[in-house]
Structures are given as C-alpha cells and as structure tokens.
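Visitor: Model the following, please.
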Amino acid sequence: MEQFLVEVVGGNLVAILIAIFIIFSILLGVRIVPQSEKHVVERFGRLRSVLGPGINFIIPFLDRVRHKVSILERQLPTASQDAITKDNVLVQVETSVFYRILEPEKTVYRIRDVDAAIATTVTGIVRAQIGLMELDEVQSNRSVLIQQIQASVEDAVDDWGIEVTRAEILDVNLDQATRDAMLQQLNAERERRAQVTRAEGSKRSVELNADAELYAAEQIAKARRIQADAEAYATEVVAKAIAENGIEAAQYQVALKQVEALAKVGAGEGKQTILMPASAMEAFGDAFKMLKGGK
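Guide: All right, here's what the predicted structure looks like:
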C-alpha cells in the first residue's frame, strides 16, 4: 500500500513538473513587443531575427532577446562647436539633431555609442560646411546650411540604420573682437547712408528752387510776350487807321492821349489849376468830332 502511494505521488509530481515546464516554455516562446520598440533576437550569439510590435514567437532556450531598441524619435543634447568661415571669422555654432532608429540590427552591431557617433559626425560636417561659406552667407542662408548639414549627416549614418529627421542650427555666435568690428562697420554704414540721404535732400532742394526760378522766368517772359503782342496789335490798328483815314486818325490818337493825361492830372489830391492852350481845346474838339463821325 505504501509503495502504491509512493508511485501515485511520484507520478503526479512528474506530471506537475512536466506541466510547469510546458507553461514555462510557452512563456519563453511568446514575446509581446510594445509599439515603440523592436527586439533583436539571437541564437547561440548570432543574429536570428528582429521582432516588431505585437505578438511574436521564438524557440525557447535556443532564441534569446538580446536588445530592446526604442524606435521613438530622439534628440541629441545641444552641442556647441567652433568653426572658421571662408573669410577667416571664428564662429561658435550651436546645433541640435533629431533622429530615430529604423534598423536596430545595424545599430546594435555596427556602432557602440550611437549618440556620440552622431554628435561627432555633425561636428565635422558643420565645420566643413561653414568653411565653404562667408560670414554673411552663414547669417543670411541659415536654412540652406541646415539642409546641407542634414543631407550630409543622413549619408554618413545610413550604414547605422538611422534616419535623421531634423537638424537645427540654434545660434551662431561671434567672438567679442568680431562683434566690435561688425558694430563699427554697421555704424559707418549708417553714417554713410545718412550722408547720402542729406546730399540727396540738398540736391532735390536745389533742383526745386531752380525749377521755381525757371517757372517764374517763363511766366514773366510769357507776360512780356503777351504785352508786346498787345502793343504790336495796337500799333497795327493805329497804323491801319492812319492808312485808311489819313491825318485825322493821327490827330484823334494825339487828342486821346492828351485827354488821358489831363484825366490823370485831375485825379490828383487837392485843388489843381490846369492851364490849357487854345490849340489843345481845338484838338479836343476835333477829336470829339471825329469820334462822333466815327460813330
């Protein structure tokens, strides 16, 4: 009886151990990978496969997950490096790079410290690209410089299974001596522009004054021309009248001038005594007769 119990207990224990072993093997063979990760599986120390997000199955005790790699976008710490431009100006460039791992099997087996490797690569590329540009180009064409740096970094890290999603130049700083020289140049340029503006203002003022004087001279000449035309017309009328009426028209003009002269004398202030010769009165009479006869 005792032997029978021992056999039963021993058989149940073996069954329990086998069940535990099967459950444990299943647990080892099932791998659930999060959406943000990829797992690198090795078999006897060699790359076997890369597990993507979701439920995956491996062979227990033969396959082993050696690396769990995040595929989220990463940002390298802000780095600062010195560079010399084409026109020999020392600048300090602050850069930041964003990347993500696309092929973890390349990343884990080809490079030990991926962040340090990318930072070193960016430093060399930034110095090389800035060395091809002058300071003004670095300041004004920052977007072009960023595109060139990103393209160069992407080519350099392609063998590491990495995608560079963005590269940024945060700031370009100059040493104090260069800043002082640029400030002096800027002040000199401002003063030059101010002098040009003042000179242009003076020139414009002279031009306007000359135009005003020219306009005044033209108006005076026009008035004189009109007056001369009027006098010529009056002379022509008188000459025509004399030609048609003979001496009578001339006497009429002389009498008319005398009347106008006497009217001016009579218009003076105070009391005037006007002595007129008898011939003048006769001339007036003849002028009035001619006037009536003309009418």
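Visitor: element containing the closest residue to Gln81 other than its chain neighbours, please.
Guide: Closest residue in space to Gln81, ignoring its immediate chain neighbours: Thr123 at 4.7 Å, by CB to CB, 6 or more residues apart in numbering. C-beta here means a position set from N, CA and C on the backbone, and glycine is covered the same way. The secondary structure element spanning Thr123 is helix 114-130 (assigned by DSSP states H and E).
Visitor: top helix in this protein by residue count?
Guide: The helix that spans the most residues within the chain, counting by DSSP state H, is helix 176-245.
Visitor: helices or strands up against that helix?
Guide: Judged by 3 or more CB pairs under 8 Å, 6 or more residues apart in numbering; DSSP states H and E, helix 176-245 is in contact with helix 247-266.
Visitor: tell me the pLDDT at the closest residue in space to Arg127 that isn't next to it in sequence?
Guide: Leaving aside its chain neighbours, Arg127 sits nearest to Ala83 (4.5 Å; criterion: CB to CB, 6+ apart). According to the predicted model, the pLDDT of Ala83 comes to 86.
Visitor: One more: Gly11?
Guide: Predicted confidence (pLDDT) for Gly11: 62.
Visitor: The residue lying closest to Ile32 once chain neighbours are set aside - how many residues pack around it?
Guide: With sequence-adjacent residues excluded and distances taken as CB to CB, 6+ apart, Ile32 is closest to Ile55, at 5.7 Å. Using other CB atoms under 10 Å, Ile55 has 9 neighbouring residues.
Visitor: Check the one 4 residues further on too.
Guide: Using other CB under 10 Å, Ile59 is surrounded by 13 other residues.
Visitor: what do you get for Thr85?
Guide: Other residues near Thr85 come to 19 when the count uses other CB under 10 Å.
Visitor: And it, how far from Arg48?
Guide: Relative to Arg48, Thr85 is positioned 50 Å away (criterion: CB to CB, to the nearest Å).
Visitor: And for Asp82?
Guide: Going from Asp82 to Arg48 by CB to CB gives 46 Å.
Visitor: out of the two, which sits in the more crowded spot?
Guide: Ranked by neighbour count (other CB under 10 Å), Asp82 and Arg48 place Arg48 first, with 18 against 14.
Visitor: Please tell me I have it right and the more buried one contacts Glu42.
Guide: Yes: if you go by CB atoms under 8 Å, Arg48 and Glu42 touch, sitting 5.7 Å apart.
Visitor: any residues in contact with both of those two?
Guide: Shared contacts of Arg48 and Glu42, defined by CB atoms under 8 Å, 6 or more residues apart in numbering, are found at Asp63.
Visitor: picking up where we left off before, roughly how far is the longest helix of the chain from the heart of the chain?
Guide: Offset of helix 176-245 from its chain centre (CA atoms, centre = their mean, to the nearest Å): 39 Å.
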